[in-house]
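J.: Take this sequence and fold it.
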Amino acid sequence: MNPLLRKLLEPRQTQYLVVNHHFIIQETSAEVQHYADTPGDAIPGADARMSFPELIGLENILMSIIMGRLPSCDLKGIARFTDHNCPLYFDMLAIKHEDEQEDVPSKLLILIEDTTEKMVMKQSLIQRANEAHLLVSALAASNDYIDKVIRSMGDALLVTTTLGIIKTVNQSAKWLFGYNEAELIGHPLSIIVVEEKLLYQARHRYILSHKELLRELQVICTTKAGEEIWVEFSCSAIQTELQELYDFIYIGRDITERKQQEIEIRRCLAKEQELRQVKSRFFSMLAHEFGNPLHTILFATKILQDYGDEITHEEKKQYLEHVESASKHMAQLLDDVRLLSSAEAGKLEFNPAPVDLHKLCSELVESIKISYGKNHRINFIYKKLSVSAKKTDRESEETQDLPALDPKLLRHILTNLLSNAIKYSPIGSHIYFELNCENEEAKFKIKDAGIGIPIEDQEQLFESYYRAQNVGKIPGTGLGLSIVKQCVDLHGGQIEFSSETGLGTTFIVKIPFDK
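T.: Just a heads-up that it's a prediction; the model follows:
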């Protein structure tokens, strides 16, 4: 017999308590405390309503029972919960208690019967009935849902034989691939799936070893119009009426747009990686390029501070010159960083004005010789302007034949290219600087016989803070050529170069005159 049924059929011991017309407990059975709301309160002399708050509000009914007006009062399914959250259920029956002595007032007898097992069983049966009802409802809803999915599913549905011959298609498949049903039924899956071999291998692997079919298989398909699209298939097998003979179901959706987004995401990730590399190169440059002049300044100031009274005037002057030179180097570095930042943020202004290119280049060459080119020879070649820019009535006679360029940006371009040519060329070598103006365009050509640029570095040459692998210990920030490129772009010009490792580099900058 079921243990629960056995418990239900076992005889029960009924507990009781006797109360007077003031609801004061007169007498109780031994186990009444077990059912009290607060164990320990159900004792003779205590108000029964404190132990059994269910009696509160029933005083009139209970008095009617004591007075014989009502036969009884029955309370069903009273619940208590122990500290272990275990439920306790019981029923209470209140009847009149007749005392054997005639002169003693009538009392109320309250009988308590434990119904925990019955209530738990009842709740369990209700729960199971509800679950069964939910299961039936879910099954009916599932069948209805499947019918609706089959009729109007948005994904393409294809059913094929083991050999890949199409047996069934839905409307979405016809829309996706552009075929009508007659053009698909009876034809091999390969007419729409370019990589049908992958699906063929998946089918036969399942037949031979019953391994799980490929899921989320992304393949390229072709539509009737010849357009290539990406489709993601989920594959499954169903047993046919014949033993060990299967049909295969392919549910696919167009993921062409997602694939394009993935390509864009990969491009963005590559860009982010590139930005991280630029950031890394930037901090490496700062640590190196600021470190050396800072050490120079600190060392010189320490000497002047500690030994200022002991060294000669000439030595003091030399240390001060070191401090001045290092400070200028740091200031120039900050200017370069600020200039590049402005250019990349689109805040670098382009202010064209009439420029005497011959004069500007001649002065620039002399300045470069003083600052950088003491150990190199700069050969400047000028080919006279052959076609002038357009004149206006307001232009003075001194400027009306001059081309319009931004002199500030132009100095940045030529200074960086000439200083690089000197920096990366051996001492005593020649630097060739040629200016040619024709067809309303200025062409600057700077050629050196230096270390050259390795082929593997040429593609990244104009990136910020990037330096070629063969520069060795030659100081530099990797900012110069990036600044040059930004300034050339603002002019609407072009920059190109040719180089061979160990044989030098030639840069050619073409800038149209501003119109």
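
J.: pretty sure residue 115 is touching residue 89, no?
T.: Yes - using C-beta atoms under 8 Å, residue 115 is in contact with residue 89, at 4.8 Å. C-beta: built from backbone N, CA, C; applies to glycine.

J.: Quick check: neighbours shared by the two?
T.: Overlap of the contact sets of residue 115 and residue 89 (by C-beta atoms under 8 Å, 6 or more residues apart in numbering) consists of residue 77.

J.: For residue 89, which three-state class applies?
T.: strand (DSSP: H, G, I helix; E, B strand; the rest coil).

J.: quick one: secondary structure of the nearest residue to it once chain neighbours are set aside?
T.: Distances taken as C-beta to C-beta, 6 or more residues apart in numbering put residue 119 closest to residue 89, at 3.9 Å, once the chain neighbours are dropped. Under three-state DSSP, residue 119 falls in the helix class.

J.: how about low-confidence regions in the stretch 101-250 of the chain?
T.: For the stretch 101-250 of the chain, the stretches flagged by pLDDT under 70 are 101-104, 146-147, 149-151, 196, 198, 201-202, 204-215, 241, 243-244.

J.: What segments of it are helices?
T.: 116-152, 171-177, 181-184, 196-209 (DSSP state H, counting those that start in this stretch).

J.: which helices and strands does the third one pack with?
T.: So the one you mean is helix 181-184. Judged by 3 or more C-beta pairs under 8 Å, 6 or more residues apart in numbering; DSSP states H and E, helix 181-184 is in contact with strand 166-169, helix 171-177.

J.: So for residue 75, which of the ones you listed sits nearest?
T.: helix 171-177 (62.9 Å; C-beta to C-beta).

J.: Give me the buried stretch members for the closest one, please.
T.: 172-174, 176-177 (16 or more other C-beta atoms under 10 Å).

J.: follow-up on the earlier one: deepest-packed of the helices of the stretch 101-250 of the chain, please.
T.: Mean neighbours per residue, mean count of other C-beta atoms under 10 Å, is largest over the helices of the stretch 101-250 of the chain for helix 171-177, with a mean of 18.

J.: roughly how far is it from the heart of the chain?
T.: Taking the mean of its C-alpha atoms, helix 171-177 sits 33 Å from the chain's own mean (C-alpha atoms, centre = their mean, to the nearest Å).

J.: Look up how far residue 97 lies from the closest residue to residue 95 other than its chain neighbours.
T.: Closest residue to residue 95 apart from its sequence neighbours, by C-beta to C-beta, 6+ apart: residue 72 at 4.7 Å. From residue 72 across to residue 97, the span is 12 Å (C-beta to C-beta, to the nearest Å).

J.: the more surrounded of these two?
T.: residue 97 (18 against 12; other C-beta atoms under 10 Å).

J.: dump the residue contacts of that one.
T.: Applying C-beta under 8 Å, 6+ apart, the residues near residue 97 are 18, 106-109.

J.: now it: how far from residue 513?
T.: 122 Å.

J.: check which helix or strand covers residue 253.
T.: strand 246-254 (DSSP states H and E).

J.: just how off-centre is that strand within its chain?
T.: Per C-alpha atoms, centre = their mean, the centroid offset for strand 246-254 relative to its chain is 32 Å.

J.: And for stretch 179-195?
T.: Distance, centroid of stretch 179-195 to centroid of chain: 39 Å (C-alpha atoms, centre = their mean).

J.: In it, which residues are buried?
T.: Result for stretch 179-195 [16+ other C-beta under 10 Å]: buried residues 179, 184, 189, 192-193.

J.: Stretch 28-41 too?
T.: 28, 32-33, 35-36.

J.: Name the nearest of the residues you listed relative to residue 227.
T.: Using C-beta to C-beta, the buried residues of stretch 28-41 come closest to residue 227 at residue 35, 79.2 Å.

J.: quick one: the closest one from residue 41, how far?
T.: Taking C-beta to C-beta, one finds residue 35 at 11 Å from residue 41.

J.: Kindly report the same for residue 123.
T.: 28 Å.

J.: show me where the stretch 401-515 of the chain has strands.
T.: 404-405, 430-438, 441-447, 494-500, 504-512 (DSSP state E, counting those that start in this stretch).

J.: by contact count, what packs against the fourth one?
T.: To tie it back to what came earlier, the one meant is strand 494-500. helix 480-490, strand 504-512.

J.: Can I get the last one in CSV, CA atoms only?
T.: When you say that, I think you mean strand 504-512. Extracted as CSV, the C-alpha positions of strand 504-512 are listed here (Å, rounded to 0.1, in the frame of the first residue of the first chain):
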residue,chain,number,x,y,z
GLY,A,504,69.0,56.7,-50.5
THR,A,505,65.4,58.0,-50.8
THR,A,506,63.7,60.5,-53.2
PHE,A,507,60.6,62.4,-52.1
ILE,A,508,58.4,64.3,-54.7
VAL,A,509,55.7,66.7,-53.5
LYS,A,510,53.3,68.2,-56.0
ILE,A,511,51.1,71.1,-54.8
PRO,A,512,48.6,72.9,-57.0
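
J.: other SSEs contacting that strand?
T.: For strand 504-512, the packing partners by 3+ C-beta pairs under 8 Å, 6+ apart are helix 407-423, strand 441-447, helix 480-490, strand 494-500.

J.: give me that answer again for 7 Å
T.: strand 441-447, strand 494-500 (3 or more C-beta pairs under 7 Å, 6 or more residues apart in numbering; DSSP states H and E).

J.: which parts of it are buried?
T.: Result for strand 504-512 [16+ other C-beta under 10 Å]: buried residues 504-505, 507-512.

J.: just curious, which of those residues is nearest to residue 407?
T.: Using C-beta to C-beta, the buried residues of strand 504-512 come closest to residue 407 at residue 511, 11.8 Å.

J.: which ones are touching the nearest residue to that closest one once chain neighbours are set aside?
T.: Spatial nearest neighbour of residue 511, excluding adjacent residues (C-beta to C-beta, 6+ apart): residue 493 at 3.8 Å. Residue 493 makes contacts with 509-512, as judged by C-beta atoms under 7 Å, 6 or more residues apart in numbering.

J.: Dump the residues you listed into TSV; add pLDDT and distance to residue 454 as well.
T.: Shown next, in TSV, are the contacts of residue 493 (pLDDT from 0 to 100; distance: C-beta to C-beta, whole Å):
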residue	pLDDT	distance to residue 454
509	92	22
510	92	25
511	90	28
512	89	32
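
J.: how close does residue 46 sit to residue 39?
T.: In terms of C-beta to C-beta, residue 46 sits 12 Å off from residue 39.

J.: can you tell me how far residue 307 sits from residue 429?
T.: 41 Å.

J.: These two: which is more packed in?
T.: Neighbour tally, residue 307 and residue 429, criterion other C-beta under 10 Å: the higher count belongs to residue 429, 15 against 12.

J.: quick one on the thing from earlier: give me the helices and strands touching the strand holding residue 253, please.
T.: strand 156-160, strand 228-239.

J.: go with 10 Å
T.: strand 156-160, strand 166-169, helix 171-177, helix 196-209, strand 217-222, strand 228-239 (3 or more C-beta pairs under 10 Å, 6 or more residues apart in numbering; DSSP states H and E).

J.: Columns distance to residue 452 on top of those, output as a markdown table?
T.: Formatted as a markdown table, the helices and strands packed on strand 246-254 follow (distance: least, C-beta to C-beta, whole Å):
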| stretch | distance to residue 452 |
| --- | --- |
| strand 156-160 | 58 |
| strand 166-169 | 62 |
| helix 171-177 | 56 |
| helix 196-209 | 49 |
| strand 217-222 | 44 |
| strand 228-239 | 44 |
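
J.: who wins for proximity to residue 132 among these?
T.: So among the helices and strands packed on strand 246-254, strand 228-239 is nearest, using C-beta to C-beta, at 28.9 Å.
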